[in-house]
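*Asks:* here is a sequence together with a model predicted from it:
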Amino acid sequence: MIYEFCAENVTLLEKAMQAGARRIELCDNLAVGGTTPSYGVTKAAVELAANYDTTIMTMIRPRGGDFVYTDLEIAIMLEDIRLTAQAGSQGVVFGALTADKKLDKTNLEKLIAASKGMEIVFHMAFDELREEDQLEAIDWLSQAGVTRILTRAGVSGDSLEKRFEHYHRILGHAKGKIEILPGGGIDLV
């Protein structure tokens, strides 16, 4: 089992890696669900992680809020992917949707192409898709080259039982195609 830690900056990285984290999702501004960290933060995290054989996955998200992006925001994301790769990050974490809450396949194809050679995680934008569209999204994302999908398997406020039931459906459909990573609000309390 790989332990993953979501880090808002480099402050707690070393402690997380000493505690066994072998994959870090690096972002900024967790109060809005995470945004792209600076080049300097990414480079410092990559250098620190090299001492612990830990993978850095960098969030590519120009702002908080929804996952419907303008052309300018997509251009920013493409540049951030380039800089993230230059800083040595092993992977990227992003998502993009249309206004009607479907995968923005046109822009995702651009982002995926720019991420060639890196691991790609489709983040919590997955949870914004309608449940009936999620299985098709798993198929498309796996065929497009996405490595993992990060999901809380439901929306905030759903009962734990409902989320586990849906998570089981997602896992069954994704088996052998793409890794499903639970996170962001899965809480037993």
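*Replies:* Ah, there it is. Numbering: from 1, shown residues only.
*Asks:* please save the CA atoms from the helix or strand harbouring residue 139 in PDB.
*Replies:* Element membership for residue 139 (DSSP states H and E) is helix 131-144. The C-alpha coordinates for helix 131-144 follow below in PDB (Å, rounded to 0.1, in the frame of the first residue of the first chain):
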ATOM      1  CA  GLU A 131     -23.100   9.400 -11.100                       C
ATOM      2  CA  GLU A 132     -24.600   8.000 -14.400                       C
ATOM      3  CA  ASP A 133     -21.700   9.600 -16.300                       C
ATOM      4  CA  GLN A 134     -18.900   8.400 -14.100                       C
ATOM      5  CA  LEU A 135     -18.500   4.900 -15.500                       C
ATOM      6  CA  GLU A 136     -18.200   6.300 -19.000                       C
ATOM      7  CA  ALA A 137     -15.700   8.900 -17.700                       C
ATOM      8  CA  ILE A 138     -13.600   6.100 -16.200                       C
ATOM      9  CA  ASP A 139     -13.400   4.400 -19.600                       C
ATOM     10  CA  TRP A 140     -12.500   7.600 -21.500                       C
ATOM     11  CA  LEU A 141      -9.900   8.700 -18.900                       C
ATOM     12  CA  SER A 142      -8.200   5.300 -18.800                       C
ATOM     13  CA  GLN A 143      -8.000   5.200 -22.600                       C
ATOM     14  CA  ALA A 144      -6.700   8.800 -22.800                       C
END
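*Asks:* which residues of this protein fall in helices?
*Replies:* Listed in chain order, the helices of the chain (DSSP state H) span 13-18, 39-50, 71-87, 105-114, 131-144, 160-174.
*Asks:* list the contacts of the helix holding residue 139.
*Replies:* Helix 131-144 is contacted by residues 101-103, 105, 108-109, 112, 122, 126, 129, 149, 166, 169-170, 173-174, 177-178 when judged by C-beta atoms under 8 Å, 6 or more residues apart in numbering. Using the backbone N, CA and C atoms, a C-beta is placed for each residue, glycine as well.
*Asks:* likewise stretch 19-28?
*Replies:* The contact list for stretch 19-28, computed with C-beta under 8 Å, 6+ apart, reads 2-9, 13, 16-17, 34-38, 41-42, 45, 49, 52-59, 61, 89, 93, 121, 150.
*Asks:* check stretch 93-109 too.
*Replies:* Stretch 93-109 is contacted from outside by 25, 27, 57-61, 66-69, 74, 77, 111, 120-126, 128-130, 133, 137, 140-141, 144, 150, using C-beta under 8 Å, 6+ apart.
*Asks:* in that stretch, which residues are buried?
*Replies:* 93, 94, 95, 96, 97, 103, 104, 107, 108 (16 or more other C-beta atoms under 10 Å).
*Asks:* low-confidence stretches in the protein?
*Replies:* For the chain, applying pLDDT under 70 flags the ranges 154-160, 184-189.
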